[in-house]
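Chemist: everything below, folded, please.
(one chain, ligands or ions: 1)
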Amino acid sequence: MSLPDGFKALVITETEDKQYTRAVEQKNISDLPEGDVVVKVLYSSLNYKDVLSATGNRGVTRNYPHTPGIDAAGIVAESTSAEFKTGEKVIVTSYDLGMNTAGGYGQYIRVPAGWVVPLPEGLTVREAMVYGTAGFTAALSVWEIVQNGVKPDDGSILVSGATGGVGSIAVSILSKLGYSVTAVNGVVDETDYLKKIGARDVISIEEATDTSGRPLLKSLWAGGIDTVGGEILATTLKTVGSWSTVTCCGNVASPDLPTNVYPFILRGVRLVGIDSQNCPMPIRREIWNKIASAWKIDWLDTLTTEASFDELDSKIEMMLQGKHLGRTIIKMAD
Ligand SMILES: NC(=O)c1ccc[n+]([C@@H]2O[C@H](COP(=O)([O-])OP(=O)(O)OC[C@H]3O[C@@H](n4cnc5c(N)ncnc54)[C@H](OP(=O)(O)O)[C@@H]3O)[C@@H](O)[C@H]2O)c1
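Modeler: Sure, this is the predicted structure:
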């Protein structure tokens, strides 16, 4: 595969008055950072972190101009690594992609070979991006629930931020594995959607938020996958049963965790942090292989919106306004 003279990329630029503008620009391969593998990006996806990068969040992206996109899947266009051959289909997510390294909102990326995962059998490039970082994070969260011995018969698993990317895929995988799922949904009522993707029950943010201030509450759940943080995570910890596991990956509600030690010392609750970005490669490959086989969701279309590169800007805006549902994938090239 020959490399093109130029390609399109979404570029975020910081203006003099500290505003951040988004525009599609023409780029050259020589503009890309050093790396072993050049990938022609066929699909990318939309994650909360992309929105942060696209709006000048310095915790995600230090320097602008910058091309976000923490997810990319496509075809190896050039490789100096013995591990990857031109024409091979691959997934690149996590590490520094789209943060301070030009990301998947460009039609080409160049990255270290250590960031690249061969596309597992059973998954298309498009499907890989329906999962993307959000789906990988959901799968890693489910993996922790399973690894820690929580079984479908133990009771319901509470999933917060359920209509979001991580939440939707967590609900779907848990349901596929036979777990009964209670979804927390609050920003926009999407009960029908959540039931379609496998939730048994749907509760509101108010129902998932304790206001009594009591240190522990009646046990309701066998585990939890939290994507929002704050009071909802604190309440989850107070309402899970003995020896249960709760995972924590996000902070859309709050980065704070107003809790106490009683869930841990009286019920043996395990709170497991999820860091998909630095997940070691052997576990990363194991998770992608599960996603492509036994854990593959049968209703991927229900949670997918496909957008063209031209629509990316409006999709970023939608996520900013909290109106995003499920997973949005971006078709970057044919
Ligand atoms: N640690 C990691 O490795 C990792 C990886 C990926 C993502 N994340 C984090 O996980 C979180 C979710 O990511 P995502 O891609 O799923 O985002 P998303 O698609 O924007 O979904 C977030 C969901 O959270 C709920 N929500 C939004 N604002 C809320 C609020 N103020 N209070 C309570 N719930 C609220 C909404 O669901 P409902 O309307 O259904 O309640 C929304 O759909 C983000 O914080 C992201 O940074 C972490």
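
Chemist: closest residue of this structure to the ligand?
Modeler: Proximity of the chain to the ligand (Cβ to the nearest ligand atom) peaks at Gly164, 1.9 Å away. Quick note: C-beta positions are derived from backbone N, CA and C, even for glycine.

Chemist: check contacts around that residue.
Modeler: With contact set as Cβ atoms under 8 Å, 6 or more residues apart in numbering, Gly164 has these partners: Tyr48, Ala134, Thr227, Val252, His324.

Chemist: quick one: average pLDDT of whatever helix or strand Glu286 lives in?
Modeler: Here Glu286, judged by DSSP states H and E, is contained in helix 281-292. Mean pLDDT, helix 281-292: 97.

Chemist: list the buried ones in it?
Modeler: Neighbour-count burial for helix 281-292, with 16 or more other Cβ atoms under 10 Å as criterion, is recorded at Arg284, Ile287, Trp288, Asn289, Lys290, Ile291, Ala292.

Chemist: out of those residues, who's nearest Met319?
Modeler: Nearest to Met319, judged by Cβ to Cβ, of those is Ile291 at 22.4 Å.

Chemist: any idea how far that closest one lies from Gly132?
Modeler: For Ile291, the distance to Gly132 equals 10 Å [Cβ to Cβ, to the nearest Å].

Chemist: the helix or strand hosting Ile265 packs against which elements?
Modeler: Using DSSP H and E, Ile265 sits in helix 262-267. The elements that helix 262-267 packs onto, with contact taken as 3 or more Cβ pairs under 8 Å, 6 or more residues apart in numbering; DSSP states H and E, are helix 230-239, strand 240-248.

Chemist: for stretch 76-90, which outside residues touch it?
Modeler: Contacting residues not belonging to stretch 76-90 are listed as 1, 3, 36-40, 73-75, 108, 113, 116-119, 125 [Cβ under 8 Å, 6+ apart].

Chemist: mind checking which of those land in helices?
Modeler: Applying DSSP state H to these, the entries found in helices are Val125.

Chemist: ok, of the contacts of stretch 76-90, which come out buried?
Modeler: Of the contacts of stretch 76-90, these count as buried by 16+ other Cβ under 10 Å: 36-40, 73-75, 108, 113, 116-117, 119, 125.

Chemist: if we can go back for a sec, alpha carbons only: can I get the helix holding Ile265 in CSV?
Modeler: This file holds the C-alpha atoms of helix 262-267, laid out as CSV (Å, rounded to 0.1, in the frame of the first residue of the first chain):
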residue,chain,number,x,y,z
TYR,A,262,-17.6,0.4,56.4
PRO,A,263,-18.4,-1.2,53.0
PHE,A,264,-14.8,-2.4,52.9
ILE,A,265,-14.3,-3.6,56.5
LEU,A,266,-17.8,-4.9,57.2
ARG,A,267,-18.8,-6.3,53.8
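
Chemist: name the helices or strands packed onto the helix or strand that it is followed by?
Modeler: Once helix 262-267 ends, the next helix or strand along the chain (criterion: DSSP H and E) is strand 270-273. When contacts are defined as 3+ Cβ pairs under 8 Å, 6+ apart, strand 270-273 sits against strand 240-248.

Chemist: quick one: the strand it packs on near the ligand?
Modeler: No. Using Cβ under 6 Å from any ligand atom, strand 240-248 stays clear of the ligand, coming no nearer than 8.1 Å.

Chemist: can you show me the helices along this structure?
Modeler: Under DSSP H, the chain gives helices at 48-54, 125-147, 165-176, 191-196, 230-239, 262-267, 281-292, 312-320.

Chemist: could these go into TSV alongside distance to Asn100?
Modeler: What follows is the helices of the chain, written out as TSV (distance: least, Cβ to Cβ, whole Å):
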stretch	distance to Asn100
helix 48-54	9
helix 125-147	16
helix 165-176	22
helix 191-196	35
helix 230-239	28
helix 262-267	36
helix 281-292	20
helix 312-320	19
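
Chemist: give me whichever of these is most buried.
Modeler: Sort the helices of the chain by mean neighbour count, taking mean count of other Cβ atoms under 10 Å, and helix 165-176 sits at the top with a mean of 28.

Chemist: and the contacts of that helix?
Modeler: By Cβ under 8 Å, 6+ apart, the residues outside helix 165-176 that reach it are 45-48, 131-132, 134-135, 137-139, 141-142, 145, 157, 159-162, 181, 183, 194, 197-199, 225, 227, 249-250, 295-299, 303, 324-327.
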